[in-house]
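> Model the structure of this input:
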Amino acid sequence: MTGEIQISKLVFCAYTALSVAACVQDSNIEPDRLSTLMSDTVLANLESAIPALMDSGGVTGMSIAITADTGLVWSRGFGVRSAEARESVDSSSVFEAASLSKPVFAYAFLQLVDEGVFDLDTPISEYFEYEAIAHDPRGAQITPRMVLTHSPGFPNWRPRDGQLTIDNEPGTEFSYSGEGFVYLQRAVMHVTGEPLDQIANRLVFAPLGMRSSSYLWQEEFEDRVALPHNADGQVMNKNKPQTGRGNAAASLHTTAPDFARFVMAVMKDSLLSDSTAAAMLTPQIDVDSNVTWGLGIGLQENEYGRGFWHWGDNSGYKAYTLSYPERGIGIVWFTNSDNGHSILDGMLELLFGGEHMASRWLDYEQYDSPGKKVREELRRVYGDAGIDSAIARYHELKASEPAEAFDEFLLNSLGYSLLQNDRIDDAIAAFELNVAEYPEASNPYDSLGEAYLAAGDTARAIVNYQRSVEIDPGNTNGAAILERLRGGTG
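Have a look, this model is predicted:
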């Protein structure tokens, strides 16, 4: 068939057992790669290429679905749902969708716009008074369109126990924010009188046949859930949002085939009016070069045309979706690993080829990056010989490895890994080295302050939090901790 004649180098890699990394680096992109993606040959060879890529990146499990505008084409599970129990991931496995929650909620909200319940450009304050922003008169300017385009001026999340602030003039610039979606969720719940999951089920899940999707934890998920794993492959505690705790920005639980049904609906304009469906996928605000935002969804332009995309990033879960409506193809995958986005570029190359400006804008560290290799070497040395040997190895690597492998986050990562495993003294040693290496950066002092606090050394914690806030007055979380410690309540 034509698809078999035009198959990409991915197929050659699979047949000749070349490494995924080598194939990706030496890839020769076909100009019409999408036309080959759904050929039987390419789909068959994905089944060996994807596990090889996951293994390279240390990704525990993955569920993936490919859909055309006419239906589900291919869905597979790889790896395991739990590194301890070793149950295999399959197409029925339930994952946290993380921020892939947002476009689903946006799709429900846009139906309410079509019904005349809401107007995109009427201030949300006319529907619902939000106590969290009552202190700032600019809150009265924020509209649903601003929330859906991430331009209300909110941070992504407010500091724990801290105040929600408006950091940019509403409607003026893109600033990704989960807080905006929570605000709009509260307004929708107030106006409709329905809880989030009931709204989503009525407007999205039931009409699209998404029977394994919910913003709340369901008992039927218990036997199918893919548990979260940290970067070291260890099982983490699973968050199970109960009644009243659903979050439009982050708490969706779903399967790859279910989310593919949503993707298909967006491609086909199936539940929205023509004008609203077009507006959802029309650039509303600039983000980066060839990256814009529609109504609740990211957009990118490349040789395949305009694609809609979104990423998800919860602790222990990473997700991605990308579709090209004009080409009639969409993809979604979920992983249950903090390493999930370390193979993002590799997955995009395997599946699509071409340029992906959204991935470039996200700028996640990839599994084969120099920094990741150095970090893994430090962890290996620490595990074998302890913190003194790891620090000595750091200095050796600093002299021999590319400068790009080293930044203030390298030692911070090691320090937090130790802190989370109650190796407090070793964590302090790692953070102290980081402060010595980056004395003009705020974050190393903040981390060292946290470690001293964990050790019960309040005096040294105060010194380091103070220095962190002096360097970066915008470190509101550090300032709040510092105030608490000085007040004697820490």
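> Which parts of the stretch 151-300 of the chain are strands?
In the stretch 151-300 of the chain, the strands defined using DSSP state E, counting those that start in this stretch lie at 253-254, 285-288, 291-293, 298-302.
> Could you say which helix or strand holds the nearest residue to Ile481 once chain neighbours are set aside?
Leaving out its chain neighbours, the residue that sits closest to Ile481 by Cβ to Cβ, 6 or more residues apart in numbering is Tyr465, at 5.7 Å. Quick note: C-beta positions are derived from backbone N, CA and C, even for glycine. Element membership for Tyr465 (DSSP states H and E) is helix 458-471.
> Need the mean per-residue confidence for that helix.
Across helix 458-471, pLDDT averages out at 96.
> contact partners of it?
Helix 458-471 is touched from outside by 435, 440-443, 445-446, 448-450, 452-453, 475, 478-479, 481-482, 485-486, 490, with contacts defined as Cβ atoms under 8 Å, 6 or more residues apart in numbering.
> Show me which of those residues are buried.
Listed as buried from the contacts of helix 458-471 are 435, 441-443, 445-446, 448-450, 452-453, 475, 478-479, 481-482, 485; burial here means 16 or more other Cβ atoms under 10 Å.
> Filter the residues you listed down to just the ones in helices.
Under the assignment DSSP state H, these contribute 435, 442-443, 445-446, 448-450, 452-453, 478-479, 481-482, 485 to helices.
> isn't Gln242 right up against Glu219?
No. Gln242 is beyond contact range of Glu219, at 11.2 Å (criterion: Cβ atoms under 8 Å).
> how much space is there between Ala106 and Gln466?
Distance of Ala106 to Gln466, computed by Cβ to Cβ, to the nearest Å: 42 Å.
> Pick out whichever of those two has more residues nearby.
More crowded of Ala106 and Gln466, by other Cβ atoms under 10 Å: Ala106, with 23 against 17.
> which residues touch the helix or strand containing the more buried one?
Ala106 is part of helix 101-114, with elements assigned from DSSP H and E. If you take Cβ under 8 Å, 6+ apart as the criterion, helix 101-114 is touched by 97, 118-120, 144, 148, 178, 181, 184-185, 188, 192, 196, 199-200, 203-204, 213, 215, 247-252, 262, 265-266, 271-273, 276, 280, 295-297, 310, 312.
> Could I have the buried ones of these as PyMOL selection syntax?
Provided next is the PyMOL selection string for whichever of the contacts of helix 101-114 are buried by 16+ other Cβ under 10 Å:
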select buried, resi 97+118+120+144+148+178+181+184+185+188+192+196+199+200+203+204+213+215+247+248+249+250+251+252+262+265+266+271+272+276+280+295+296+297+310+312
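> Just to be sure, Ser323 is in a helix?
No. If the criterion is DSSP: H, G, I helix; E, B strand; the rest coil, then Ser323 is strand and not within a helix.
> Verify the stated contact: it with Ile329.
Yes. Using Cβ under 8 Å, Ser323 is in contact with Ile329, at 6.7 Å.
> pLDDT score assigned to Thr489?
At Thr489, pLDDT is 49.
> Please apply the same query to Asp269.
Looking at Asp269, its pLDDT reads 81.
> Could you report the separation of the closest residue to it other than its chain neighbours from Asp90?
Spatially, and ignoring its direct neighbours in sequence, Asp269 is nearest to Ala277 (3.7 Å; Cβ to Cβ, 6+ apart). From Ala277 across to Asp90, the span is 32 Å (Cβ to Cβ).
> more crowded one of the two?
Ala277 (22 against 17).
> ok, Asp407 touching Gly371?
Yes. Using Cβ under 8 Å, Asp407 makes contact with Gly371 at a distance of 7.0 Å.
> quick one, which of those two is more surrounded?
Gly371 (18 against 14).
> nearest spatial neighbour of the more buried one, skipping sequence neighbours?
Spatially, and ignoring its direct neighbours in sequence, Gly371 is nearest to Ala405 (4.6 Å; Cβ to Cβ, 6+ apart).
> Identify the residues contacting that neighbour.
So Ala405 contacts Ser369, Pro370, Gly371, Lys373, Val374, Leu397 (Cβ under 8 Å, 6+ apart).
> Give me the buried positions along the helix holding Tyr465.
Quick answer for helix 458-471 (16+ other Cβ under 10 Å): Ala461, Ile462, Asn464, Tyr465, Gln466, Arg467, Ser468, Val469, Ile471.
> how far away is the third one from Phe431?
When distances are taken as Cβ to Cβ, Asn464 and Phe431 turn out to be 9 Å apart.
> Overlap of the contact sets of the two?
The contact lists of Asn464 and Phe431 share Leu448, where a contact means Cβ under 8 Å, 6+ apart.
> residue ranges with poor pLDDT in this protein?
1-33, 488-490 (pLDDT under 70).
> Show me the domain layout of it.
2-103+198-362, 370-486 (automatic domain parsing).
> just how off-centre is the last one within its chain?
Between the centre of domain 370-486 and the centre of its chain there are 24 Å (Cα atoms, centre = their mean, to the nearest Å).
> what does stretch 345-355 give?
Per Cα atoms, centre = their mean, the centroid offset for stretch 345-355 relative to its chain is 18 Å.
> go on, stretch 105-115?
23 Å.
> Give me the buried positions along that stretch.
Residues of stretch 105-115 classed as buried under the neighbour-count rule (16+ other Cβ under 10 Å) are Phe105, Ala106, Tyr107, Ala108, Phe109, Leu110, Gln111, Leu112, Val113.
> what separates the closest residue to Lys238 other than its chain neighbours from Ala98, distance-wise?
Using Cβ to Cβ, 6+ apart and skipping residues adjacent in sequence, the residue nearest Lys238 is Leu227, 5.6 Å away. Using Cβ to Cβ, Leu227 is found at 15 Å from Ala98.
> For the two, indicate the residue with more neighbours.
For the pair Leu227 and Ala98, the greater number of neighbours falls to Ala98 (24 against 21), based on other Cβ under 10 Å.
> contacting residues around the nearest residue to that one once chain neighbours are set aside?
Counting by Cβ to Cβ, 6+ apart, Ala98 lies nearest to Gly312, which is 3.0 Å off, once chain neighbours are set aside. Counting by Cβ under 8 Å, 6+ apart, Gly312 makes contact with Glu96, Ala97, Ala98, Ser99, Leu100, Ser101, Lys318, Ala319, Tyr320, Phe334.
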